[in-house]
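Asks: Starting from these lines, generate the structure:
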Amino acid sequence: MTAKITAAKGSPYARIMGVGGYRPQRVVDNEEILQHIDSSDEWIRSRSGIRTRHWASADESVAEMTLEAGGKAIVDAGITADQVGAVIISTVSHFKQTPSIATEIAHRLGTGDAAAFDISAACAGFGYGLTIAKGLITEGSAEYVLVVGVERLSDLTDINDRTTAFLFGDGAGAVVVGPSKEPGIGPSVWGSDGDKADVISQTVSWEEFRTKPETPFPALRQEGQTVFRWAVYEMAKVAQRALDAAGVSPDDLDVFIPHQANMRIVDSLVKTLKLPPGVAVARDVETTGNTSAASIPLAMERMLATGQAKSGDTALIIGFGAGLVYAAAVVTLP
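Replies: Numbers count the residues shown, from 1 in each chain. Sure, this is the predicted structure:
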């Protein structure tokens, strides 16, 4: 006789309930970057829109930044840590292969026996984590899920590389995802374009660094023009697919929060998507730089804190980066 398996009963829908962020105290302006590369403040700003970025100090580790952001998100959601059933952390800059940083964070936050794991999806990592969290809640495996994007990209920055030295920043952004009686997170449009895996990558593998003493510490590199063209042309299509999947038009949007990679990419996406002038657009890259997986929740937190966006607004989010990977969705802001 074949046993009948009982299916879990989750919430019909999920929504973002709270958000938190952490930016390191040290602010690095373009003049400091220019001490190491042959460039100018005008060139950096015209190419990227970046004026400053935050770099972590020795005591602002991936774990400590995550705890700060995650703790704020839990408080903002109006729940307690022991109600969190899963902790998902997206990062490419936690240098300890195992165990996952998520297990430490789950324990230190006081989540009890919550499931905990890391994912590596670069600048689309927050979108990937949000998609997984929504699935866990609607499937019934967790009632509340903490999703964190955190990076210390200053550790992976070659300060002498003129093409990347000015791009990257550090920080952590977090959200709590919970049950909802109506859709608060639209269908995810996510995927990968692996034939372009080499256009954003680590300069050398950890194995090469370990076995060849003369090898410099690994850093991030990218083929800027290739990445720019891909982001502008292909990600506009992905963003439109996310709008269509959610049954939302550009005129219905209140907020647009793209990955904060480059101001020119942000402006190009706004133009291609034909967003109305009334849509608030995240431009956190100007003062925070590119923080990879942390960029969308950090920008979300700042927009809510400054009044650029408000609770209940309809927002389009899209992340894209190394892999190449991408993830987009329409969400209701907490």
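
Asks: got a pLDDT number for the residue nearest to the spatial centre of the chain?
Replies: Against the mean C-alpha coordinate of the chain, by C-alpha atoms, centre = their mean, the closest residue is residue 293 at 2.7 Å. Looking at residue 293, its pLDDT is 98.

Asks: and if you look at residue 1?
Replies: Reading off the confidence values, residue 1 has pLDDT 69.

Asks: cool, and the one 5 residues further on?
Replies: Among the per-residue scores, residue 6 holds a pLDDT of 87.

Asks: just so I have it, where are all the strands in the stretch 151-300 of the chain?
Replies: Counting by DSSP state E, counting those that start in this stretch, the segments of the stretch 151-300 of the chain that form strands are 170-180, 189-192, 200-202, 220-222, 255-258, 280-281.

Asks: Residue 231: which of these is closest?
Replies: Residue 231 lies closest to strand 255-258 among those, at 8.9 Å (C-beta to C-beta). In short, each C-beta sits where N, CA and C put it, glycine included.

Asks: would TSV of the strands of the stretch 151-300 of the chain with mean pLDDT be doable?
Replies: Converted to TSV, the strands of the stretch 151-300 of the chain look like this (pLDDT from 0 to 100):
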stretch	mean pLDDT
strand 170-180	98
strand 189-192	97
strand 200-202	87
strand 220-222	90
strand 255-258	98
strand 280-281	98
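
Asks: just to revisit the earlier point, surely the residue nearest to the centre of the chain and residue 93 touch.
Replies: No: contact between residue 293 and residue 93 fails when scored by C-beta atoms under 8 Å: they sit 9.1 Å apart.

Asks: In contact with the residue nearest to the centre of the chain, which residues?
Replies: For residue 293, the contacting residues are 90-92, 121-126, 129, 149-151, 319, by C-beta atoms under 8 Å, 6 or more residues apart in numbering.

Asks: Over to the closest residue to residue 128 other than its chain neighbours: give its phi and psi.
Replies: Take residue 128 and drop its neighbours on the chain: the residue closest to it by C-beta to C-beta, 6 or more residues apart in numbering is residue 121, 4.2 Å away. With angles defined as degrees, to the nearest 10, residue 121 shows backbone torsions of phi -140, psi 30.

Asks: could you list every residue that touches residue 121?
Replies: Applying C-beta under 8 Å, 6+ apart to residue 121 gives the contacts 90, 127, 128, 129, 293, 323, 325, 327.

Asks: Most neighbours among these, which one?
Replies: With neighbours set by other C-beta atoms under 10 Å, the maximum within the contacts of residue 121 is found at residue 293, which has 35 neighbours.

Asks: can you tell me which residues contact the residue nearest to residue 193 when sequence neighbours are not counted?
Replies: In space, not counting the residues next to it along the chain, residue 193 is nearest to residue 324; the distance is 4.4 Å by C-beta to C-beta, 6+ apart. Applying C-beta under 8 Å, 6+ apart to residue 324 gives the contacts 192, 193, 194, 196, 197, 199, 200, 230.

Asks: isn't the last one right up against residue 193?
Replies: Yes: applying C-beta under 8 Å, one finds residue 230 in contact with residue 193, separated by 7.4 Å.

Asks: which one of those two has more residues nearby?
Replies: For residue 230 against residue 193, the residue with the higher neighbour count under other C-beta under 10 Å is residue 230, and the figures read 19 against 14.

Asks: Model confidence for the more buried one, exactly?
Replies: You'll see residue 230 listed with a pLDDT of 93.

Asks: any idea how far residue 321 is from it?
Replies: The gap separating residue 230 from residue 321 is 10 Å, by C-beta to C-beta, to the nearest Å.

Asks: can you check residue 288 too?
Replies: When distances are taken as C-beta to C-beta, residue 288 and residue 321 turn out to be 15 Å apart.

Asks: on that earlier part again, okay, the contacts of residue 293 in a markdown table with distance to residue 30, pLDDT and secondary structure next?
Replies: Converted to a markdown table, those look like this (distance: C-beta to C-beta, whole Å; pLDDT from 0 to 100; DSSP: H, G, I helix; E, B strand; the rest coil):
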| residue | distance to residue 30 | pLDDT | secondary structure |
| --- | --- | --- | --- |
| 90 | 28 | 98 | strand |
| 91 | 26 | 98 | coil |
| 92 | 24 | 96 | coil |
| 121 | 29 | 96 | coil |
| 122 | 24 | 95 | helix |
| 123 | 22 | 97 | helix |
| 124 | 27 | 98 | helix |
| 125 | 27 | 98 | helix |
| 126 | 26 | 98 | helix |
| 129 | 31 | 98 | helix |
| 149 | 24 | 98 | strand |
| 150 | 24 | 98 | strand |
| 151 | 20 | 98 | strand |
| 319 | 25 | 98 | strand |
